[in-house]
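> below are the sequence and a predicted model for it; my questions follow.
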Amino acid sequence: MVRLDKSWLPIVTHHQRYGERDVPPTVRERLGELTAAGLLLASSLKFDGSLLLQIQGTGPARL
């Protein structure tokens, strides 16, 4: 189980702070899943560094 309290809020509110439109619910759900997966993966790795996840697609969502 993973809790996204402090990690999730900046991701969700980022677009609103810069005057961009709201993140659609389906995109918000995928971002939540990717954030949880990244946190779980990062917590299981034993190295001193950063973990970056990148997604690419050709769909209508712009992030």
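Noted; the coordinates are in hand.

> so how far is Glu29 from Thr53?
One correction, residue 53 is Leu, not Thr. 16 Å (CB to CB, to the nearest Å). Bear in mind the C-beta positions are built from the backbone N, C-alpha and C, glycine included.

> just Ala42 next, same as before
20 Å.

> who has more neighbours out of those two?
Taking other CB atoms under 10 Å, Ala42 and Glu29 do not tie; Ala42 has more neighbours (14 against 11).

> secondary structure element for that one?
Using DSSP states H and E, Ala42 maps to helix 25-44.

> buried stuff in stretch 3-15?
Trp8, Ile11 (16 or more other CB atoms under 10 Å).

> run through who's touching it.
Taking contacts as CB atoms under 8 Å, 6 or more residues apart in numbering, the residues outside stretch 3-15 that touch it are Arg21, Asp22, Val23, Arg28, Leu31, Gly32, Thr35, Ala36, Leu39.

> tell me the SS of the third one?
So the one you mean is Val23. At Val23 the chain is in coil, as set by DSSP: H, G, I helix; E, B strand; the rest coil.

> in terms of helices and strands, where is Gly59?
Going by DSSP H and E, Gly59 is not in any helix or strand.

> residue contacts, Leu41?
Shown in contact with Leu41 (CB under 8 Å, 6+ apart): Leu51.

> equivalent analysis for the one 10 residues further on, please.
Going by CB under 8 Å, 6+ apart, Leu51 touches Gly38, Leu41, Ala42, Leu45.
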